[in-house]
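S.K.: Kindly generate the corresponding structure for this input.
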Amino acid sequence: MIDLYSWATPNGVKVHIMLEETGLAYEAHGVNIGRGAQFEPAYLRLNPNAKIPTIVDREGPDGQPFTVFESGAILLYLAEKTGRFLPSDTAGRSTVTQWLMFQMASIGPMLGQAHHFRKYAPEKIPYAIDRYTNEAARLYCVLDQRLGEAAFLAGEYSIADIAAWPWIRLHEGQGIDLDRYPNVRRWLDAIGERPAVKSGVQLLADKRVDFAKDPQAREILFGNHSTNRGNR
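M.R.: Modelled structure (predicted):
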């Protein structure tokens, strides 16, 4: 059994999908990041970076409970635990890892900033909006080229796709017209039809509110803090 501590954000959804895809038994615990639950002492003992998601594998290595935070690390851990969505050969594993790191280092941070400055920032700053929207478009070009060469990012469906998909489904908020990226649209639609993906998207979705319409949540998530605080 795995305890999942999460919320319905892109980084949370990627782990929701992975748990559904693998069929592992899990219990979901909502961490309401719009009300600061990620900063509570009990959660910080699991994840010192105060972000979601986090998992606790009750039957981890050597049969002991094991905690994993950071969504990319969780995907790798679950892939290794189940032997799914991560090839065992060196070349295949490296290809998946490269595209996973592309999501972690580029897609998540840059598309997240585009979304933030376009939707949540209290002041509309043209330089920031242009900077991150343009970078988002560049990243979509990279994805579109790759997905014109292969059905999925690493050839076969893998944790690289599971990591990227929840961010790409929010393309409108990033200022992206998906009609310009037909290969990305084909990939997005195909993955979106998977039953496990549909289930993962719905997990905790009924509890989420629109942060743009919630001043208290915006202050908690985006305010200036001296402590280790995060939101995604």
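S.K.: What number of residues are in the vicinity of the residue lying closest to residue 15 once chain neighbours are set aside?
M.R.: Leaving aside its chain neighbours, residue 15 sits nearest to residue 53 (4.7 Å; criterion: CB to CB, 6 or more residues apart in numbering). For glycine as for every other residue, the C-beta is placed from the backbone atoms N, C-alpha and C. By other CB atoms under 10 Å, 26 other residues sit near residue 53.
S.K.: Quick one: residues contacting residue 53.
M.R.: Counting by CB atoms under 8 Å, 6 or more residues apart in numbering, residue 53 touches 4, 5, 6, 7, 11, 12, 15, 31, 69, 71, 74.
S.K.: Off-centre distance for the helix or strand hosting residue 91?
M.R.: Element membership of residue 91 [criterion: DSSP states H and E] is helix 90-102. For helix 90-102, the gap between its own C-alpha mean and the chain's C-alpha mean amounts to 17 Å (CA atoms, centre = their mean, to the nearest Å).
S.K.: who touches it?
M.R.: With CB under 8 Å, 6+ apart, helix 90-102 has contacts from 72, 75-76, 85-87, 142, 146, 153-155, 158-160, 163-164.
S.K.: returning to what we had before: how close does the residue nearest to residue 15 sit to residue 64?
M.R.: 21 Å (CB to CB, to the nearest Å).
S.K.: for residue 192, same thing?
M.R.: Taking CB to CB, one finds residue 192 at 37 Å from residue 64.
S.K.: Please say which of these two ends up with more neighbours.
M.R.: Between residue 192 and residue 64, residue 192 has the larger neighbour count (other CB under 10 Å), namely 13 against 9.
S.K.: quick one on the thing from earlier: out of the contacts of helix 90-102, the closest to residue 104 would be?
M.R.: Comparing those against residue 104 with CB to CB places residue 72 closest, at 4.5 Å.
S.K.: How about the contacts made by the residue lying closest to residue 25 once chain neighbours are set aside?
M.R.: In space, residue 25 comes closest to residue 1 once its chain neighbours are excluded; the distance is 5.0 Å by CB to CB, 6+ apart. Neighbouring residues of residue 1 by CB under 8 Å, 6+ apart: 25, 26, 27, 58, 59.
S.K.: from those, which ones fall inside strands?
M.R.: 26, 27 (DSSP state E).
S.K.: Please report which of the contacts of residue 1 has the highest neighbour count.
M.R.: Neighbour tally across those (other CB under 10 Å): the maximum, 22 neighbours, falls on residue 26.
S.K.: quick one, phi/psi of the nearest residue to it once chain neighbours are set aside?
M.R.: Leaving aside its chain neighbours, residue 26 sits nearest to residue 2 (4.2 Å; criterion: CB to CB, 6+ apart). Reported as degrees, to the nearest 10, the phi and psi values for residue 2 are phi -120, psi 130.
S.K.: Residue 2 - how many residues pack around it?
M.R.: 23.
S.K.: cool, residue 29 as well?
M.R.: A count of nearby residues for residue 29, using other CB under 10 Å, gives 16.
S.K.: just the one 5 residues further on next, same as before
M.R.: For residue 34, the count of nearby residues is 20 (other CB under 10 Å).
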